[in-house]
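Asker: The following block contains a protein sequence and its predicted model.
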Amino acid sequence: MEAANASDLGLRSGTDRRPKKLLSLHLPERRTGFDRRKPRALDRMVYQLAQRPLDIAGLLLIVVSGNMLDAMLTWYSIQIGIATEANPFLQAFLDGGFLPFLTVKMAITAAIVFAIWFGRRYRLVLILLIALVIVYTSLVSYEIAMIALRPL
């Protein structure tokens, strides 16, 4: 008896004949990024954070309140003459007054917060969230110190 060919048995061989997608709406990182190989300290922290949606919500609340404090401290610093707005996009709204400035700043932050919340299963998004918390904490601390140490 002779050995059967793959084509004789009805098995497929050769190249994939399925049509290729021209446009994919998936994020390029299809896996969540939480591999089990060599976990580092940041990976362990991010993995634990991914399992706790309430902690993620708390960090997002810190980002929103940090942004609000940043807006108020920036406005106050500009009013007393010890600072200027470094962002030229927001400077245009700041020239219109505090309310347009605050509205645009909070709208941008709200969009970022919603994007982080809906992408919270991805490792890179959670690392971005941790970085945002560190940046806003540092920024608000710097602004408070700048106001406190200003010459009278």
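Answerer: All right, it came through fine. What you see is a predicted model; the values in this text were computed from it and never measured.
Asker: Every contact and neighbour count from this point should use C-alpha atoms.
Answerer: Fine.
Asker: Contacts for stretch 76-89, please.
Answerer: Here stretch 76-89 makes contact (Cα atoms under 8 Å, 6 or more residues apart in numbering) with 74, 91, 147, 150.
Asker: got it, and stretch 94-108?
Answerer: If you take Cα under 8 Å, 6+ apart as the criterion, stretch 94-108 is touched by 64, 67-68, 71, 75, 90-91, 93.
Asker: Among those residues, name the buried ones.
Answerer: 64, 67-68, 71, 75, 93 (16 or more other Cα atoms under 10 Å).
Asker: Just read off the phi/psi values of the residue most central in space within the chain.
Answerer: In the chain, the residue lying closest to the centroid (Cα atoms, centre = their mean) is Leu128, at 4.3 Å. Phi and psi for Leu128, reported as degrees, to the nearest 10, are phi -60, psi -40.
Asker: any chance of the contacts of stretch 76-89 in CSV, plus distance to Thr109 and secondary structure?
Answerer: Formatted as CSV, the contacts of stretch 76-89 follow (distance: Cα to Cα, whole Å; DSSP: H, G, I helix; E, B strand; the rest coil):
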residue, distance to Thr109, secondary structure
Thr74, 16, helix
Gln91, 16, helix
Ile147, 24, helix
Arg150, 29, coil
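Asker: among those, who's most crowded?
Answerer: Thr74 (21 neighbours; other Cα atoms under 10 Å).
Asker: possible to save the buried ones among the contacts of stretch 94-108 as a markdown table with secondary structure?
Answerer: As requested, those are exported to a markdown table (DSSP: H, G, I helix; E, B strand; the rest coil):
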| residue | secondary structure |
| --- | --- |
| Val64 | helix |
| Asn67 | helix |
| Met68 | helix |
| Ala71 | helix |
| Trp75 | helix |
| Phe93 | helix |
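Asker: Pick out whichever of the residues you listed sits closest to Tyr136.
Answerer: Asn67 (6.9 Å; Cα to Cα).
Asker: Please determine how far that closest one is located from Ala50.
Answerer: 23 Å (Cα to Cα, to the nearest Å).
Asker: residue ranges with poor pLDDT in the chain?
Answerer: Scanning the chain for pLDDT under 70 picks out 1-39.
Asker: name the helices or strands packed onto the stretch of helix or strand Ser141 belongs to?
Answerer: If you go by DSSP states H and E, Ser141 is part of helix 123-148. Contacts defined by 3 or more Cα pairs under 8 Å, 6 or more residues apart in numbering; DSSP states H and E place helix 123-148 against helix 41-50, helix 53-80, helix 98-118.
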